[in-house]
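[1] Sharing a model that was predicted from the sequence below.
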Amino acid sequence: MSPDTHFKRVPAEMGPPVWLLDRYQRRALLVGVIASIVLIIGAFIGPDAYDHFLRAYLAGFVLWTGASLGCMALLMTNHLSAGKWGLIIRRPMEAGAAQFPLMFLFFIPIAVGIKHLYPWVQGSARWNLLSWDAQKIILHKAHLMLNPTWFLIRWPIYFFIWWAFSATMRRWSLQRDANPLARDWQRILENLGGLGLVVYSLTMTFAMVDWVMSLDATWFSTIYGLIFLAGQGLTAFSICIITILLLSQEEPMRSLLRKTEMHDLGKLMLAFVMLYAYLSFSQWVITWAGNLPQEAQFFLNRLTGDWVNWGRFLILFEFAVPFALLLSRRLKKQPGFMVPFCAGIIFIRIVDLYWEIEPSFIAHQPQITFNWMYLVAPLAIGGFWVFSYIRSLKAATLVPTFDAQMEELLEHEHATA
Amino acid sequence: MIEEGVYGLLAEYDTVPDLVKAAEKAYEGGYRRMDTYSPFPIEPAAEAIGFHKNRVALVVLIGGLLGGLGGYSLEFWVSVLSYPINVGGKPWHSWPAFIPVTFECTVLGASLAAFIGMLAMNGFPMPYHPVFNAPNFALASKDKFFLCIEAADPQFDMTKTRQFLEQTNPRLVTEVPN
């Protein structure tokens, strides 16, 4: 018996199923356009509509920039540690990380609305609402970092660095496919990934401090960036898992996607759910133990009045329920479960960002002021993000055609439960 | 039918796919009392001989729950019952402060349960196993893969089983004395 009968046949066509992607791409564009129109109209109708629009928009922007950042960080991790889990989602990760130019442009409304969002803009309405003590802290301690000029200079710097890393990884990965023996690709990408992870952690923390943490100009937390890191990992994994599962209706993913890798990806999701909970809890328990007025205010805004239910909802649905579900070996391997589950995780990330952003604005009124734009803004930006993501996905083969581990991916897998 | 003094028949293979294929065929052929031996874990081989589920996961869950419960109880006993101290004006039963220890104890309980449970369910410690009587079996720790159909299998027959194994592309089929 010849040994090659043990291996699955390499699909003849390694390119993505274009007709299927076209269909999703059209839908994404439609969602993006309609949601954007609704959002733009919403920004002008009703009291404080523009302020609500900006906060909702910021949540959407942070969510989808986070999706790209997560894809980039996972890609770096995968190049550094070389796991088979990353091989099957490498092209989706690369496509996700390729969206920085788009997200750079999507920052413009925030840059324009800076006066309405950030209390450290001197002379703005929010600045005038600050206590004299808070103004003093900003003027004497935070003004070197938190001033509009520097804020706007940092924006292109972040995006340039992220774009440079993700574009280089993408280019080298494609060159590796075309000419696998030209250079020692494995080592080159490994080094880039290692360096990139350090740069990512620092720049991402800076960016999240700029965009989200500084909404409350006097509060600070050193673990803040890491909490976003966990959230970005969750978002990016969700997107990649949904992508490969939807594409597994067609070749080449139909033959390439095995239960083994689905199981691995599910386990990594579980790890990120735990990481998120661990970091969020750490931030809270340190604040609780210290019990200092300037630190506690952040949680007093978020865990009193109606907001405490919002917090409970997050504990339940961003930690407890996903954790319990992902413990199951069977569910992790079930496409019918994982697709809606991952979509749910992305939704929960929106809920989380709302809880992160909105209470900074309503410090003295603990009731929740929910605005419908919070749901529409992530859809508006997400529609364009997904559209552009699919365009990047169509530009290359769906899996790397040359990788030392590719052979293992093609090994026959035996019936699993 | 049981042969006196024979533990089973051992087939030696060069590659993982050969082993997995042979194990699958043996399972299809109705053999149940068999085992595969390899230098590293091969999950498909375990599945091929009908070993789909094990109870390690359950043991780990129980170990984790006991560990977490133990950690929390210890803290509760120390800080509330045995030696209450006022820390920063917080209540004696300050559950948030107990969580880190509870978490660590959950991890400790779960990993100990995984380690000990796995060994116990594999039947370790096992000072004697007949398969080591086969002269070429030392290679199972090096670069060869083995399938052993045990004589205790109701379908085992010295000649028929040997014939069956010969067809599965082995390097060698040897008899394992008991």
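    All right, it came through fine. Quick caveat: nothing in here was measured; it's all calculated off a predicted structure. Numbering: from 1, shown residues only, chains lettered A, B, ... in the order given.
[2] For the rest of this, base every contact and every neighbour count on C-alpha atoms.
    OK.
[3] Doesn't residue A:33 lie inside a strand?
    No. Secondary structure of residue A:33 (DSSP: H, G, I helix; E, B strand; the rest coil): helix, not part of a strand.
[4] Between its first and last residues, how far does stretch B:34-49 reach?
    7 Å (Cα to Cα, to the nearest Å).
[5] Okay, the residue most central in space within chain B and chain A: tell me how far apart.
    Taking Cα atoms, centre = their mean, the centroid of chain B lies closest to residue B:122, which sits 4.6 Å from it. To chain A, residue B:122 is 21 Å away according to Cα to the nearest Cα, to the nearest Å.
[6] Pop out the phi and psi values for that residue.
    Here the main-chain torsion angles of residue B:122 (degrees, to the nearest 10) amount to phi -80, psi 0.
[7] Could you do residue B:10 as well?
    Per-residue torsions, residue B:10: phi -110, psi 120 (degrees, to the nearest 10).
[8] Surely it is in contact with residue B:171?
    No. Look at residue B:10 against residue B:171 with Cα atoms under 8 Å: they stay out of range, at 10.7 Å.
[9] who has more neighbours, those two?
    More neighbours surround residue B:10 than the other of residue B:10 and residue B:171, with 27 against 12 (other Cα atoms under 10 Å in any protein chain shown).
[10] How about that one, nearest residue that isn't a chain neighbour?
    Counting by Cα to Cα, 6 or more residues apart in numbering or on different chains, residue B:10 lies nearest to residue B:148, which is 4.3 Å off, once chain neighbours are set aside.
[11] go on, residue B:20?
    Once flanking residues are discounted, residue B:20 sits nearest to residue B:45: 5.0 Å by Cα to Cα, 6+ apart.
[12] The one you found: what's it in contact with?
    Listed by Cα atoms under 8 Å, 6 or more residues apart in numbering or on different chains, the contact set of residue B:45 reads B:19, B:20, B:23, B:36.
[13] Give me the subset of these lying in helices.
    Among the contacts of residue B:45, DSSP state H puts B:19, B:20, B:23 in helices.
[14] so how many other residues sit close to the last one?
    A count of neighbours around residue B:23, defined by other Cα under 10 Å, yields 29.
[15] Tell me who's in contact with it.
    Neighbouring residues of residue B:23 by Cα under 8 Å, 6+ apart: B:36, B:45, B:48, B:49, B:147.
[16] what separates the fourth one from chain A, distance-wise?
    If I follow you right, that is residue B:49. Going from residue B:49 to chain A by Cα to the nearest Cα gives 11 Å.
[17] just to revisit the earlier point, what is the most widely separated pair among the contacts of residue B:23?
    B:48 and B:147 (11.2 Å; Cα to Cα).
[18] Chain B versus residue A:283, what's the distance?
    Distance of residue A:283 to chain B, given as Cα to the nearest Cα: 12 Å.
[19] nearest residue to that residue other than its sequence neighbours?
    residue A:223 (6.6 Å).
[20] Do I have it right that the one you found meets residue A:281?
    No. Using Cα under 8 Å, residue A:223 is not in contact with residue A:281, being 10.6 Å away.
[21] ok, those two, which is more surrounded?
    residue A:281 (17 against 13).
[22] Helix, strand or coil: sort out the more buried one for me.
    Assignment for residue A:281 (three-state DSSP): helix.
[23] what's the model's confidence in stretch B:28-43, averaged?
    Average pLDDT, stretch B:28-43: 85.
[24] near chain A at all, it?
    No. Contact of stretch B:28-43 with chain A is not found when judged by Cα under 8 Å from any Cα of the partner chain; the minimum separation is 9.1 Å.
[25] can you put the contacts of residue B:23 in TSV and add secondary structure and distance to residue A:217?
    Shown next, in TSV, are the contacts of residue B:23 (DSSP: H, G, I helix; E, B strand; the rest coil; distance: Cα to Cα, whole Å):
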residue	secondary structure	distance to residue A:217
B:36	strand	64
B:45	helix	59
B:48	helix	61
B:49	coil	63
B:147	strand	68
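[26] Any of those residues buried? List them.
    B:36, B:45, B:48, B:49, B:147 (16 or more other Cα atoms under 10 Å in any protein chain shown).
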